[in-house]
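Engineer: here you go, sequence then predicted model.
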Amino acid sequence: MSAYEPSQLPGLELPGPVFAPAAPGTLDWTRLAAELNTEGVAVTPPLLSPEQCAELRELFDHPTAFRSTVTMARHRFGEGLYRYFAYPLPELVQDLRERLYPPLALIANEWARRLGQPAFAPDHEGLVEACAAAGQLRPTPLLLRYGRGGYNCLHQDVYGDLTFPLQVAIMLDRPDEDFTGGESVFVEQRPRAQSRPLVRRPTQGQGLIFTVDHRPVRSVRGWSRVTLRHGVSAVLSGERHVLGVIFHDAR
């Protein structure tokens, strides 16, 4: 097996439609798992309808829905704003978090097995309970808004000792219509090799699944960790909104 050869993960034949009225068809988790194994990044079919994307975008201007707002420039994170939702989460966000988690947990647990790490709970309720036991009680799903010139520096979304290794970012706008530029950028730091860049351009409603911190790749000694950082290139015009679905809570 080569370093980036995908392998079948047990139990991934399961899902059918994940978000039935909003996302017709099925999610092919076998394909998504293979992409995540080889690239650390995978793009789903649309998970949200244009109407649902608009509903979430409009929430950005309702401060009571959020527990905190971060101005990226103040922390040298980039240029733009993001807002963390407060509990209880909006129903749509809670539903995404709960229904995307189980198939992603199968992938995460296979990665944990390869790296000799503890397994994650099979359902999201169990993960939230484990986060609470680790002192991580604050919700992490967020909305991000970038205007012209906005960007996000390369980073990882680690909020405590317990980190679920996968997250989903859902594009809420129409690339090349509502905004230009603003590509999703990833840089993979490989052991004893130069870093590898990846760029993805999901369309409205599509989800971008990617590694929060690291994933296993085959090495001469078994499995090694490959680190991935993510960011956003400069928005050239318009506004770009994204829903970030992070599964572990924050300290």
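Structural biologist: Yep, that arrived. Residues are numbered from 1 along each chain as shown.
Engineer: restricting to C-alpha, output the lowest-mean-pLDDT helix or strand in the chain in PDB.
Structural biologist: When the helices and strands of the chain are scored by mean pLDDT, DSSP states H and E, strand 214-219 comes last with a mean of 91. Taking C-alpha atoms only, strand 214-219 is exported to PDB below (Å, rounded to 0.1, in the frame of the first residue of the first chain):
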ATOM      1  CA  HIS A 214      -3.800  15.700  11.500                       C
ATOM      2  CA  ARG A 215      -4.600  12.300   9.900                       C
ATOM      3  CA  PRO A 216      -2.700   9.000   9.500                       C
ATOM      4  CA  VAL A 217      -0.800   8.100   6.400                       C
ATOM      5  CA  ARG A 218       1.100   4.900   5.700                       C
ATOM      6  CA  SER A 219       4.800   5.000   6.400                       C
END
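Engineer: how far out from the middle of the chain is the next helix or strand after that strand?
Structural biologist: Using DSSP states H and E, the helix or strand that follows strand 214-219 towards the C-terminus is strand 222-232. Using CA atoms, centre = their mean, to the nearest Å, the mean C-alpha position of strand 222-232 is found 14 Å from that of the whole chain.
Engineer: check which helices and strands strand 222-232 sits against.
Structural biologist: Applying 3 or more CB pairs under 8 Å, 6 or more residues apart in numbering; DSSP states H and E, one finds that strand 222-232 contacts helix 91-115, strand 151-155, strand 184-189, strand 206-211, strand 214-219. Where you see a C-beta, it was placed from the backbone N, CA and C, and this is true even at glycine.
Engineer: that strand: which residues count as buried?
Structural biologist: By neighbour count on 16 or more other CB atoms under 10 Å, the buried set for strand 222-232 is 223-224, 226-232.
Engineer: pLDDT averaged over it, what's the number?
Structural biologist: Here strand 222-232 scores 93 as its mean pLDDT.
Engineer: so residue 211 touches residue 165, yeah?
Structural biologist: Yes: at 6.0 Å, residue 211 and residue 165 qualify as touching, with contact defined as CB atoms under 8 Å.
Engineer: residue 50 reaches residue 205, doesn't it?
Structural biologist: Yes: in this structure residue 50 lies within contact range of residue 205 using CB under 8 Å: 6.8 Å.
Engineer: buried residues, the strand or helix carrying residue 129. List them.
Structural biologist: Secondary structure from DSSP H and E places residue 129 in helix 124-133. Within helix 124-133, the residues scored as buried using 16+ other CB under 10 Å are 124, 127-128, 130-131.
Engineer: no further queries at this time; thank you.
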